[in-house]
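Undergrad: Model the following, please.
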Amino acid sequence: MAHQMTPAGNTAQALARNIDLDTDEIRQARIDLAACLRMAALLGLEEGICNHFSAVVPGHPDLFLVNRLGWSFHEATASSLLICDFDGHVVCGDGEPEATAFYIHARLHKMEPRIGAAFHTHMPNATALTMVEGDPLVWAGQSALKFYGRTAVDENYNGLALDNREGDRIASVLGGNDILFMKNHGVMVCAPTIAEAWDDLYYLERAADVQLRAMSTGRPLQPVPEDVARITARQIREGDPASAALHLESIKRMLDSRSPGYAD
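TA: This next block holds a predicted model:
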C-alpha cells in the first residue's frame with residue numbers, strides 16, 4: 001500500500017553541502033523520533049510500512065525529518081531518517097519518503113508552523129473510532145479528557161493523499177487543533193515537540209481502547225459533565241510538556257534493553 005514519489009531532482013542535495021545538518025540538536029531530534037517509531041512498533045501502533053512520523057529540523061523551519069519508504073517502524077534508526085524540504089527534495093539521507101508521508105507532512109508543517117511534530121498512524125483502537133458514525137471520542141474517561149477541546153474530525157474521506165491539494169485539505173480541516181480523526185482512515189497527532197506528539201499518540205490510543213471496551217458492554221456510556229471536563233482538560237494540559245518529556249525519556253530507557261540500536 002506504500003507509494004513512491006516522483007523524484008524531484010537533486011538540487012537540494014547540493015544545498016545540503018552549504019548548511020550544517022549534523023548539529024547536536026538535530027542529532028537529538030533524530031534519536032527521539034527514531035525512539036518514538038520503535039516504541040510505536042513494539043506497542044502495535046503502526047501498520048506495515050505505511051505510517052509515518054515527522055518533525056521539523058531544529059534550526060531549519062523549512063525542513064523536516066521523516067521515516068523512509070519501505071522501512072517498518074521496527075527498523076527505524078536515527079541515521080535512517082530523511083531530511084526533506086517542502087518541495088519534495090531529500091536534502092539529507094539515503095532513500096525517499098513515502099508519497100503520502102510527503103504530501104501530508106510537508107503541507108502540515110508548511111501551513112501550520114506551530115506543528116513541530118506530526119505523527120500519522122492507523123493504530124487499531126483510534127482508527128476503529130474513525131469508522132463509526134458520530135464523534136469519535138466520548139468524554140467519559142479521564143484519558144480522553146486530555147484531548148477535550150483539541151480534536152477535529154475529517155468527515156470526508158478522499159482516498160490517498162497523493163498531491164499537495166489533499167495535503168492542504170487535511171491541514172485546513174485540522175485548523176488550530178492538535179488531533180485529527182480522519183474518518184475511514186486513521187489519526188494525525190500534532191504537537192510542538194516530539195515528546196508531546198508521542199505522549200498524545202500513546203494516550204489517544206489508550207483512551208480509544210478503554211472507550212471501545214466500555215462500548216462493548218452494550219451499556220450506555222456516562223460522559224463527564226462539561227464543566228468538569230473543561231477543568232480537567234486544563235489541569236492535564238498544564239503539566240503536559242514536562243510529563244511528555246519524562247515519558248519520552250522512559251521509552252528510550254525501555255528501548256535500550258528491548259530494542260537497542262535505535263540511536264545508531
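Undergrad: now the helices for this structure?
TA: 11-16, 24-42, 99-111, 124-129, 142-145, 164-174, 194-215, 226-238, 240-258 (DSSP state H).
Undergrad: Ok, which of these comes nearest A76?
TA: With Cβ to Cβ as the criterion, A76 lies closest to helix 24-42 of the helices of the chain, at 3.7 Å. Glycine gets a C-beta too; all of them are placed from N, C-alpha and C.
Undergrad: Which strands or helices does that closest one pack on?
TA: Applying 3 or more Cβ pairs under 8 Å, 6 or more residues apart in numbering; DSSP states H and E, one finds that helix 24-42 contacts strand 52-57, strand 60-66, strand 117-121, helix 194-215, helix 240-258.
Undergrad: what's the distance between the closest residue to S143 other than its chain neighbours and R165?
TA: Nearest in space to S143, with sequence neighbours left out and distances taken as Cβ to Cβ, 6 or more residues apart in numbering, is A207 at 4.0 Å. Noted for A207: a distance of 32 Å to R165, by Cβ to Cβ, to the nearest Å.
Undergrad: If you count surrounding residues, which of these two has more?
TA: Applying other Cβ atoms under 10 Å to A207 and R165 shows that A207 carries more neighbours, namely 25 against 12.
Undergrad: quick one: pLDDT of the residue of the chain positioned farthest from its centre?
TA: Taking Cα atoms, centre = their mean, the residue of the chain most remote from its mean C-alpha position is R219, at 32.5 Å. pLDDT recorded at R219 is 97.
Undergrad: Measure how buried S257 is and give me the count.
TA: Residues near S257, counting by other Cβ under 10 Å: 7.
Undergrad: how much space between it and Q28?
TA: 21 Å.
Undergrad: In contact with the spatially most central residue of the chain: list those residues for me.
TA: Per Cα atoms, centre = their mean, the C-alpha nearest to the average position across the chain is that of F119, at 0.7 Å. Residues counted as contacts of F119 (Cβ atoms under 8 Å, 6 or more residues apart in numbering) are 36, 40, 53-54, 188-190, 197-198, 200-201.
Undergrad: next one: L137
TA: So L137 contacts 129, 144, 147, 151, 181, 207-208, 211 (Cβ under 8 Å, 6+ apart).
Undergrad: What are the phi and psi values at G141?
TA: Backbone geometry at G141, expressed as degrees, to the nearest 10, gives phi -130, psi 150.
Undergrad: What number of residues are in the vicinity of it?
TA: 21.
Undergrad: Kindly report the same for T77.
TA: Counted by other Cβ under 10 Å, the residues lying close to T77 total 17.
Undergrad: What sits closest to it if chain neighbours are left out?
TA: Closest to T77 by Cβ to Cβ, 6+ apart is D264, at 4.8 Å.
Undergrad: Look up how far A161 lies from Y148.
TA: In this view, Y148 and A161 are 28 Å apart by Cβ to Cβ.
Undergrad: how about stretch 46-54: buried residues?
TA: By neighbour count on 16 or more other Cβ atoms under 10 Å, the buried set for stretch 46-54 is 46-47, 49-54.
Undergrad: scratch that, stretch 257-264 is what I was asking about
TA: Under the neighbour-count rule (16+ other Cβ under 10 Å), stretch 257-264 has 259, 262-263 buried.
Undergrad: Let's see that stretch as PDB, backbone CA atoms only.
TA: Extracted in PDB, the C-alpha atoms of stretch 257-264 (Å, rounded to 0.1, in the frame of the first residue of the first chain):
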ATOM      1  CA  SER A 257      17.100  -3.100  26.700                       C
ATOM      2  CA  ARG A 258      14.200  -4.200  24.400                       C
ATOM      3  CA  SER A 259      15.100  -2.800  21.000                       C
ATOM      4  CA  PRO A 260      18.700  -1.400  21.100                       C
ATOM      5  CA  GLY A 261      20.200   0.300  18.000                       C
ATOM      6  CA  TYR A 262      17.500   2.900  17.500                       C
ATOM      7  CA  ALA A 263      20.000   5.700  18.300                       C
ATOM      8  CA  ASP A 264      22.500   4.500  15.600                       C
END
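Undergrad: which ones are touching the nearest residue to N184 once chain neighbours are set aside?
TA: Leaving aside its sequence neighbours, N184 sits nearest to Y157 (Cβ to Cβ, 6+ apart; 4.1 Å). Residues counted as contacts of Y157 (Cβ under 8 Å, 6+ apart) are 182-185.
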